[in-house]
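*Asks:* Could you look at this predicted model? Sequence included:
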Amino acid sequence: MYDRIKAYFLSVWRGQRSLAETFWLWTVGVVWGVIYIGGSFVAVTVSRGLKTEEPYIWYLGAIIIGTIWSTVGLWRSASRSGSLWSILARLAQLLVVSGLLFLFARALKLV
């Protein structure tokens, strides 16, 4: 079973899944929804309960890994598609990644 799960996640990474699946399920649903939004609530709640900042470090790691994985998979899948939707999906992801980079730079007081 582990091999099938690994193969599936690799197929998303390689852009072998459809653009609709990669964008709507993995990028919007899982990365933007679950990791960015849901993860922030979990990190805040757990941090307050434990009185430590460690959950934020795990949350940051999830953001970085999820964003890189979904961006690479989305970009590759969009390259295979070549439709107007591929341009719009790439643009949406570029805006989100740019916003994240700005937030990280601001948090590190680089901006």
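*Replies:* Thanks, I have the structure now.
*Asks:* list the contacts for the most centrally placed residue in the chain?
*Replies:* Centrality entry for the chain: nearest residue to the mean C-alpha point is residue 67, 3.0 Å, by CA atoms, centre = their mean. Residues near residue 67 by CB atoms under 8 Å, 6 or more residues apart in numbering: 31, 96, 97, 100. Every residue, glycine included, has its C-beta placed from N, CA and C.
*Asks:* I figured the third one was touching residue 72, is that so?
*Replies:* When you say that, I think you mean residue 97. No. The pair residue 97 / residue 72 is not scored as a contact, 11.3 Å apart, by CB atoms under 8 Å.
*Asks:* if I look at the residue nearest to the centre of the chain, how far off is residue 92?
*Replies:* Counting by CB to CB, to the nearest Å, the separation of residue 67 from residue 92 is 13 Å.
*Asks:* So residue 15 sits against residue 70, correct?
*Replies:* No. Between residue 15 and residue 70 there is no contact under CB under 8 Å: 11.3 Å.
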